[in-house]
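Student: coords below, sequence missing:
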């Protein structure tokens, strides 16, 4: 089994470690493992969790930039499998946006202790959100497509409207602008051509979170995903797509922590 050089950031528990599985954070499109370093990794490590964050191939400091355009969702799921082997224990998977979709695909062949989906691409893919953006926010959809082609860099204010709440600190928005990159064309196609009848097998505890003001994966789409999967979901008030960077990131972190206490600590 061949292995790639993948960026896997580790933040050990601060103080007494909790007797729970490690946490593996999987980023979304246009991002890397570093999006978790700003707030989530230090916060969860301070609670006693053993924290890991993966940069999928072609992202961050992981190998694969040369062939990124052809990298598939299955390739990303294989990256998660490689990271889990390196960690050495089935973790709690926490996937944001595209990373949530990747985690769902990973779980069709592998096991995990639990799954947290944060503003995740639904199991049915991007069709619903793309159609909504086409009808309601065509300028935003155009901006995303131009950025993907490498022909456009959105202004901080525009990026804030896409990904953050209106009161998000400009420093966090600017950090996101400076640390964004193009995404795999193949992966976006994989998420755009999903059967509406797709139903992943999720035989483990699952927490589904969405943002009230998410412009990319709307609260309604998160609710529809949860209903189709027969799972509850929670919509975080005053929060947009970048749950781990937005103004109320700590509310999201605390909700995840409380849920993990309920499901993993006996």
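Tutor: Ah, there it is. None of the values given here were measured: they were computed from a predicted structure.
Student: where in the stretch 51-200 of the chain is pLDDT low?
Tutor: Low-confidence segments of the stretch 51-200 of the chain (pLDDT under 70): 134, 139-155.
Student: which residues in it form strands?
Tutor: Along the stretch 51-200 of the chain, counting by DSSP state E, counting those that start in this stretch, strands occupy 51-54, 92-96, 114-118.
Student: pull up the pairing partners for the first one, direction included.
Tutor: Take DSSP bridges as the rule and strand 51-54 pairs in its sheet with strand 8-11 (antiparallel), strand 23-26 (parallel).
Student: do the same with the last one
Tutor: Based on DSSP bridges, the strands next to strand 114-118 in the sheet, each with its direction, are strand 92-96 (parallel), strand 206-211 (parallel).
Student: before we move on, the earlier item: how about the strands of the stretch 51-200 of the chain in TSV, adding distance to residue 104 and mean neighbour count?
Tutor: Yep, even glycine has a C-beta here, placed from its N, CA and C like the rest. As requested, those are exported to TSV (distance: least, Cβ to Cβ, whole Å; neighbours: other Cβ atoms under 10 Å):
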stretch	distance to residue 104	mean neighbour count
strand 51-54	15	26
strand 92-96	8	27
strand 114-118	8	25
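Student: rebuild these as CSV, extending it with distance to residue 195.
Tutor: Formatted as CSV, these follow (distance: least, Cβ to Cβ, whole Å):
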stretch, distance to residue 195
strand 51-54, 27
strand 92-96, 20
strand 114-118, 19
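Student: residue 157: which of those strands is closest?
Tutor: Ranking the strands of the stretch 51-200 of the chain by proximity to residue 157 (Cβ to Cβ) places strand 92-96 first, at 22.6 Å.
Student: identify the residues contacting the closest one?
Tutor: Where contact means Cβ atoms under 8 Å, 6 or more residues apart in numbering, the residues beyond strand 92-96 that reach it are 20-28, 31, 35, 80, 101-104, 106-107, 112-120, 243-244, 256, 260, 264.
Student: kindly recompute the last result at 6 Å.
Tutor: Residues from elsewhere that reach strand 92-96 (Cβ atoms under 6 Å, 6 or more residues apart in numbering): 21, 23-28, 103, 112-118.
Student: cool, and stretch 21-41?
Tutor: Against stretch 21-41 from outside (Cβ under 6 Å, 6+ apart): 7, 9, 11, 49-55, 59-60, 87, 91-99, 102-103, 113, 179-181, 183, 244-245, 249.
Student: in contact with residue 212, which residues?
Tutor: Contacts of residue 212 (Cβ under 6 Å, 6+ apart): 219, 235, 237, 239.
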